[in-house]
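*Asks:* sequence plus the predicted model coming up.
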Amino acid sequence: MEIKVVTIDFWNTLFNSDSGELRNSARLKILLDTLKDIGIKIENEMFDFVMQESWKYYNDKWLKELRTPTANEVVNYIWEKMNYAKNEKAIEYVVNFFENSILYFPPKLQENALLAIQELSKKYKLAIISDTGFSPGRVMSQMLEEIDIKKYFSAFSYSDETGVAKPHPKAFSVVLERFNCLPENALHIGDIERTDIEGAKNFGMYAIRYDGDSDSNLVYPKSAQSKADFIATDWNEIINHFI
């Protein structure tokens, strides 16, 4: 195969999610503090229920509609479900924190990922293809800039910007069109079989499943059966396989 473009998933592939609990705790604190500051009485049992429902809401949209709700959509969902009086400035404040929390508590690169990116960039055009959570693509790119690795990537496909989530073919096509690259000349690296591997393979690309993130393995149990062309548990394996 003649690979010209390598696309890489962000969460649990390029970066781990070790700081995810810190981000979620900080978001929850900001939300609760803001509600208290504007004089809203919080019923704990109802609030906990609605927070759980908000995660279900996000996952339903992600799985069934192949899109990822934004922080603004989720915060407004919580506000409406709790039947709080609308306060646009308070909502804007909470949304802003939700979006930027990745900058306050940044994730760490997977082991050996930096070296792999540096080596891959010498031979291929690189791009990020990522479904987004509370932090939108522009903030994720800002984080990449702050840790000085954005320079290795020439294109970005974020679900909040494209309007679709993987495995939708548009998530992949927007990048390959940018490079004028055919799917058979492109490789995608990601951790989730349903989104990354099946999405890339169904679009005609090659695919590597990255199984080196323990959190991903817990949330998305990995079957030995995979459509991937190669399964790696370390970024060094990817370098050795393709460089």
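*Replies:* Now that the structure is in, tell me what you want to look at. Because the structure is predicted, anything quoted here is derived from the model rather than measured. Numbers count the residues shown, from 1 in each chain.
*Asks:* where does the protein dip in pLDDT?
*Replies:* For the chain, the stretches flagged by pLDDT under 70 are 1, 216-221, 243.
*Asks:* where's the residue of it most remote from its centre, which helix or strand?
*Replies:* Going by Cα atoms, centre = their mean, the residue of the chain most distant from its centre is Gly39, 34.3 Å out. Assignment of secondary structure by DSSP states H and E places Gly39 within no helix or strand.
*Asks:* i'd like the first residue to be 12 from this point on
*Replies:* Yep, numbering from 12; the last one is Gly50 now.
*Asks:* what about the helices in this structure?
*Replies:* All helices of the chain, identified by DSSP state H, fall at 31-48, 55-75, 82-92, 99-115, 124-132, 148-157, 170-173, 180-190, 209-214, 225-230, 246-253.
*Asks:* make CSV from the ones you listed and add distance to Phe164 to it.
*Replies:* (C-beta placed from N, C-alpha, C; glycine too.) Listed next are the helices of the chain as CSV, based on distance: least, Cβ to Cβ, whole Å:
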stretch, distance to Phe164
helix 31-48, 22
helix 55-75, 24
helix 82-92, 23
helix 99-115, 17
helix 124-132, 8
helix 148-157, 7
helix 170-173, 14
helix 180-190, 10
helix 209-214, 17
helix 225-230, 21
helix 246-253, 16
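*Asks:* closest one to Asn196 among these?
*Replies:* helix 180-190 (8.4 Å; Cβ to Cβ).
*Asks:* and the closest one, what other elements does it pack with?
*Replies:* Counting by 3 or more Cβ pairs under 8 Å, 6 or more residues apart in numbering; DSSP states H and E, the packing neighbours recorded for helix 180-190 are strand 16-19, strand 136-141, strand 166-169, helix 170-173, strand 197-201, helix 209-214.
*Asks:* which among those is found nearest to Val61?
*Replies:* The closest approach between Val61 and any of the helices and strands packed on helix 180-190, judged by Cβ to Cβ, belongs to helix 170-173 at 22.7 Å.
*Asks:* for Glu91, find the nearest of the helices and strands packed on helix 180-190.
*Replies:* Taking Cβ to Cβ, helix 170-173 is the member of the helices and strands packed on helix 180-190 nearest to Glu91, at 20.4 Å.
*Asks:* contact partners of the closest one?
*Replies:* The set of residues external to helix 170-173 that reach it, using Cβ atoms under 8 Å, 6 or more residues apart in numbering, is 78-79, 81, 141-143, 147-148, 176-177, 181-182, 185.
*Asks:* of these, which is the most crowded?
*Replies:* Lys177 (29 neighbours; other Cβ atoms under 10 Å).
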